[in-house]
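> Sequence and predicted model, in that order:
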Amino acid sequence: MSDNLGPESRSGDAGDEKQDTQEKEAVVPERAEEAKLKAKYPNLGQKPGGSDFLMKRLQKGQKYFDSGDYNMAKAKMKNKQLPSTGPDKNLVTGDHIPTPQDLPQRKSSLVTSKLAGPEKNC
Amino acid sequence: MGSIKDLDRAGGGNDIQWCFSQVKGAVDDDVAEADIISTVEFNHSGELLATGDKGGRVVIFQQEQENKTQSHSRGEYNVYSTFQSHEPEFDYLKSLEIEEKINKIRWLPQKNAAQFLLSTNDKTIKLWKISERDKRPEGYNLKEEDGRYRDPTTVTTLRVPVFRPMDLMVEASPRRIFANAHTYHINSISINSDYETYLSADDLRINLWHLEITDRSFNIVDIKPANMEELTEVITAAEFHPNSCNTFVYSSSKGTIRLCDMRASALCDRHSKLFEEPEDPSNRSFFSEIISSISDVKFSHSGRYMMTRDYLSVKIWDLNMENRPVETYQVHEYLRSKLCSLYENDCIFDKFECCWNGSDSVVMTGSYNNFFRMFDRNTKRDITLEASRENNKPRTVLKPRKVCASGKRKKDEISVDSLDFNKKILHTAWHPKENIIAVATTNNLYIFQDKMN
């Protein structure tokens, strides 16, 4: 079958102008949304796509446990109760002592996918 | 049956009517994380349909041979094989948890009786061989039928073992494991048109492999800056050109696409073409860069065009024109006035994929509320459909959906605020030759076909 050249021929100047106006109207809600976000989080950085954000993306899955820190802290504390980690399990060791329970558990063997089960149409 | 010409009935004025065909997966709302579907892919003939999930499992469906008496519908897809492709790992050296989630599956073209596919998680790519066994040898001289060894002294005559039919058994075995080549998370794999090599891309690098060789790969793109503080963009997707074995593209988090020619140099850090739509700086907002990030890039079957998906739109680019796309389709423009909450609930980072139909005349992508959208490039018409169990009688034509952005909501329209942002359709696939589509909701796989008369 032949390639349809329709799409290219339709994008004339008239179409561009209309698109520009529409885009300007469209972007105003985006600015309003930005204002909303800045109001909620005044400390939000200027460059959302910048280094910090990308670094966080690259480090996905990183969990920290240092057995040296762990044992030293344990030795220091001796009789005291070991503090366990708070809700944020991704903190680097030093300030708190992650216990082996905080490490990701090796997941148990998985069962067969439900997609391979009988079809249910209800 | 089902030639490429049939796909263009829409162009001729007869819109395709999509009908529910099948749905796979559990009915209950309580979705286990492992069951979340993470990739869907038809093979080159369309006879096989593979899915990968967050639990590292692959399920392959096979289309039934067409039944002569059932002329009103094409064959159904039934389970052909299922296996555990990847397992969770922990890299103790880097303190890194490696998910077993299957990020991508790509089929190799069929060369012999067996089928081959590549599946990848964040770190390791595997080549799987799926083969059928429907005969087994019987009549051994030294073994009983149940496998026990016979006492050789009781053997008085010799016979030649023969192959007898058995129930079909489909076996999947890992033939190659391509590991330890990616520091960052693999987002794409793409098989070259030479059918001998393939590329794998992570956030900062792209590697070239030979399908036979697992102990080395060539780095062909490296955008890691010498100083990580200077990092401004990452690679989001990559694909080989369907016909030119020297050409590939990769997209970035800043909305650009670079086309590279491997003949130019060993390390393709300098692009041959840079595709970028200029942006009016006065329109820039906090969200601009985030929503311009390209989540998927797909060449057309013809190789003349490529399609990119960013958060709000689908763009078609002519490879001969770098300064702007030739077509732009709005997927869910009404979300522009919801960007603040979409940023807060992380939905703004959702990675939607997109796909072409076999004749490159229609493109499809997913949205929220289990809606998915199709854009006909010829008629310029678009349609919104829903993947839901409510319309699940086979051959029931799907009713088009409409989202009301603001103002008075008409009957049958759904308002933006009622959309369920947890019901996202990220993965869709279109049969290469027929009007059959596979649409993945969170944990269910829907198959729709066009109405046949």
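Great, that's in hand.
> Pairing partners for residue 62 in the sheet, please.
Picking chain A for this. For A:Gln62, the beta-bridge partners are B:Leu96 (DSSP bridges).
> ah, no, chain B please
Beta-bridge pairing for B:Gln62 (DSSP bridges): B:Leu48, B:Asn78.
> if I pick B:Asp261, what's in contact with it?
Neighbour list for B:Asp261: B:Asn246, B:Thr247, B:Cys268, B:Ser272 [criterion: CB atoms under 8 Å, 6 or more residues apart in numbering or on different chains]. C-beta: built from backbone N, CA, C; applies to glycine.
> Columns pLDDT on top of the residues you listed, output as CSV?
As requested, these are exported to CSV (pLDDT from 0 to 100):
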residue, pLDDT
B:Asn246, 97
B:Thr247, 97
B:Cys268, 90
B:Ser272, 95
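> wait, which of those residues is closest to chain A?
B:Thr247 (18.7 Å; CB to the nearest CB).
> what does the stretch 1-150 of chain B put close to chain A?
Residues of the stretch 1-150 of chain B lying near chain A by CB under 8 Å from any CB of the partner chain: B:4-5, B:8, B:11, B:22-27, B:34-35, B:37, B:51, B:53, B:55-57, B:59, B:79, B:82, B:84, B:88, B:90, B:94-100, B:122.
> what's the helix or strand for B:Cys355?
Taking DSSP states H and E as the criterion, B:Cys355 maps to strand B:354-356.
> list the contacts for B:Asn370?
B:Glu386, B:Ala387, B:Ser388, B:Asp420, B:Lys423, B:Lys424, B:Ile425, B:Thr441.
> Identify those among the residues of the stretch 1-150 of chain B next to chain A that sit within helices.
When DSSP state H is applied, those are split such that none fall in helices.
> So which of those sit within strands?
Mapping the residues of the stretch 1-150 of chain B next to chain A onto strands (DSSP state E) picks out B:22-24, B:37, B:51, B:53, B:57, B:59, B:79, B:82, B:84, B:90, B:96-98.
> What subset of those residues is buried?
Buried subset of these (neighbour count, 16 or more other CB atoms under 10 Å in any protein chain shown): B:22-24, B:37, B:51, B:53, B:57, B:59, B:79, B:82, B:90, B:96-98.
> of the residues you listed, closest to A:Gln62?
Minimum distance to A:Gln62 across these is 5.6 Å, recorded for B:Leu96 (CB to CB).
> correct me, but the closest one touches B:Pro88?
No. With contacts counted by CB atoms under 8 Å, B:Leu96 stays clear of B:Pro88, the gap being 11.6 Å.
> Name the residues that touch stretch B:136-154?
Residues outside stretch B:136-154 that contact it (CB under 8 Å, 6+ apart) are B:Val155, B:Leu158, B:Arg159, B:Val160, B:Pro161, B:Val162, B:Phe163, B:Arg164, B:Met166.
> Closest to chain A out of those residues?
Nearest to chain A among those is B:Met166, at 21.2 Å by CB to the nearest CB.
> Pretty sure the closest one sits against B:Glu132.
No. The criterion here is CB under 8 Å, and B:Met166 misses it with B:Glu132 at 10.9 Å.
> who has more neighbours, the two?
Set side by side, B:Met166 and B:Glu132 give different neighbour counts by other CB atoms under 10 Å in any protein chain shown, the larger being at B:Glu132 (14 against 11).
> The more buried one looks like it's in a helix, true?
No. With DSSP: H, G, I helix; E, B strand; the rest coil as the criterion, B:Glu132 is assigned strand and is not in a helix.
> For it, report the pLDDT, please.
Residue-level confidence at B:Glu132 comes out at 96, pLDDT.
> Now find how far off-centre stretch B:42-59 is within its chain.
Here stretch B:42-59 is found 9 Å from its chain centre; the criterion is CA atoms, centre = their mean, to the nearest Å.
> Quick one: mean pLDDT over that stretch.
Taken as a whole, stretch B:42-59 has an average pLDDT of 97.
> okay, how far is it across it, tip to tip?
One end of stretch B:42-59 sits 12 Å from the other (CA to CA, to the nearest Å).
> residues from the stretch 201-350 of chain B in reach of chain A?
Residues of the stretch 201-350 of chain B found near chain A, taking CB under 8 Å from any CB as the criterion, are B:203-204, B:228-234, B:253-254, B:280, B:283, B:285-290, B:293, B:302, B:304, B:316, B:318, B:326-327, B:333, B:336-340, B:343-344.
> if you set the cut-off to 7 Å instead, what comes out?
Within the stretch 201-350 of chain B, the residues that sit near chain A (CB under 7 Å from any CB of the partner chain) are B:203, B:228-229, B:231-232, B:234, B:253-254, B:283, B:285-287, B:289-290, B:302, B:304, B:326-327, B:333, B:336-337, B:339-340, B:343.
> Selection in ChimeraX covering whichever of the residues you listed are buried, please.
Selecting only the buried entries of these in ChimeraX, with 16+ other CB under 10 Å as the criterion:
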select /B:203,231,234,253,254,285,286,287,289,290,326,327,336,337,339,340,343
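> Filter the contacts of stretch B:136-154 down to the buried ones.
Buried by 16+ other CB under 10 Å: nothing, out of these.
> Return the subset of these lying in strands.
Using DSSP E, B:Val162, B:Phe163, B:Arg164, B:Met166 are the members of those that sit in strands.
> pretty sure B:Ser285 contacts A:Arg31?
Yes. Counting by CB atoms under 7 Å, B:Ser285 does reach A:Arg31; the two are 5.5 Å apart.
> Run the chain-centre distance for the helix or strand hosting B:Glu289.
According to DSSP H and E, B:Glu289 maps onto helix B:288-292. The chain centre lies 23 Å from the centre of helix B:288-292; the measure is CA atoms, centre = their mean.
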